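*Asks:* give me the fold of what follows.
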Amino acid sequence: MKSTFYIIAALAILSACKEKPKAPVVMGFIRPEIRDNGRVISFPDDSTTLAFFQTETLGMDTLSANYNAPAHVAATVVPSTENAGHNLVLFDDEDLTASYTGLIQHQIAINQISNVNIRQKQIDYDRLKDLSEHGAATGKDVLDAQTALAMEHTNLQNEKTGIIEQEAKLKEAGFDPQTLLNAKAGQVWVTCDVPESQLNKLKVGGTAIVHFSSFPDESFPGRIESFGDVVDDVTRMVKMRISLPNSQNRFKAGMFASVSFGMSEGKLLSIPQASIVTVQGKNYAFVQDSVNVFERREIVSGQQIGDRVVIFSGLQSGDKVVNKGAMQLKGLSFGY
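*Replies:* Below you'll find the model as predicted:
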């Protein structure tokens, strides 16, 4: 009996001494918790793992930089083969084409209603009212004429309401409707996005240099023509429109380009090149929110100066940006 007791006790001790299974490891780290589609990475409170990552606290430095932005030819102006007095605007976006076409149709309808229909209905109403006063027309005739006149005024108001919707869509894309209607043939518009924080450093009439993928050995000076009326509530970017002469019809709607111009001189944010990771053409950096939590931020960057890159949006002074271990966080964040 005593022998049996010793055997059971020995088995219990061996079972208790078995090594517990270790947490799965990813790239040498204890597997963290990934949230919000990879935007937030939470590590266990493990000092060995967290010591691998290093950060720096951002501050404003005195720098000067050029801003480089991806761009494209959003519209070209060509002469109409059907109407010599009216040019055509060709967009790279079907929705903008529909909005511009709708704008023209509403304007034609407004001119027709204002200058022809209403004038004619007013004449008919005045004539019948005069005839009625002399007994040559009935009260019903006058009422019908008055109703017809009121309907034309209603039609005019409907057309004006419709034109507002089309104008709003064009303005949101960075186009001024009146500029489009008055555009001359042999002109193109290039659009790009600029950070809201840098608008005070850019002015209408300024020069921007445009580089086209189709003409890699050439650069083309353009004129900053206008800024959009809407700030993107996520990226905090604003549309900027640049005009270029196109007398030889070299530039086509939809062509890819890049735009560069002097953006800032003075106090700017910058981070090490090693802090930036790129995925599908977008740049990101990782910010340490707390001891063991890292957050992925999409950034808009500018010129590289030495081993540092100017940051125009996505980060702010006081952020703790990862400057060692960013590639490991990229793998965790995007599932690589």
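*Asks:* how far does stretch 301-317 stretch from start to finish?
*Replies:* For stretch 301-317, the separation between the terminal residues is 15 Å (C-alpha to C-alpha, to the nearest Å).
*Asks:* who's in contact with that stretch?
*Replies:* Here stretch 301-317 makes contact (C-beta atoms under 8 Å, 6 or more residues apart in numbering) with 58-60, 63, 65-68, 195-198, 235-237, 263-264, 268-274, 276, 283, 285, 287, 297-300, 321. (Glycine included, C-beta is placed from N, CA and C.)
*Asks:* which regions of this protein sit below the pLDDT cut-off?
*Replies:* Within the chain, the stretches with pLDDT under 70 are 1-30, 47, 62-66, 83-86, 262-266.
*Asks:* let's see that with 80 instead.
*Replies:* 1-31, 45-49, 61-68, 80-87, 197-198, 200-201, 261-268, 302-306, 336 (pLDDT under 80).
*Asks:* all helices of it, in order?
*Replies:* Here the chain has its helices, by DSSP state H, at 2-17, 47-50, 94-112, 118-133, 139-172, 177-181, 326-334.
*Asks:* out of these, nearest to Ala208?
*Replies:* Ala208 sits nearest to helix 177-181 of all the helices of the chain, at 17.3 Å, using C-beta to C-beta.
*Asks:* give the other helices and strands that the closest one contacts.
*Replies:* helix 94-112, helix 139-172 (3 or more C-beta pairs under 8 Å, 6 or more residues apart in numbering; DSSP states H and E).
*Asks:* how does the chain divide into domains?
*Replies:* Annotated domains of the chain cover 61-73+181-334, 94-172 [automatic domain parsing].
*Asks:* surely Lys121 meets Thr154?
*Replies:* No: in this structure, Lys121 is not within contact of Thr154 by C-beta atoms under 8 Å, at 11.6 Å.
*Asks:* of these two, who's got more company?
*Replies:* Neighbour count, other C-beta atoms under 10 Å: between Lys121 and Thr154, Lys121 has more, with 20 against 11.
*Asks:* could you find the closest non-adjacent residue to that one?
*Replies:* Leu149 (4.1 Å; C-beta to C-beta, 6 or more residues apart in numbering).
*Asks:* quick check: the gap between that neighbour and Glu133.
*Replies:* In this structure, Leu149 and Glu133 are 18 Å apart, going by C-beta to C-beta, to the nearest Å.
*Asks:* more neighbours, those two?
*Replies:* Set Leu149 next to Glu133 and count neighbours by other C-beta under 10 Å: Leu149 wins out with 19 against 10.
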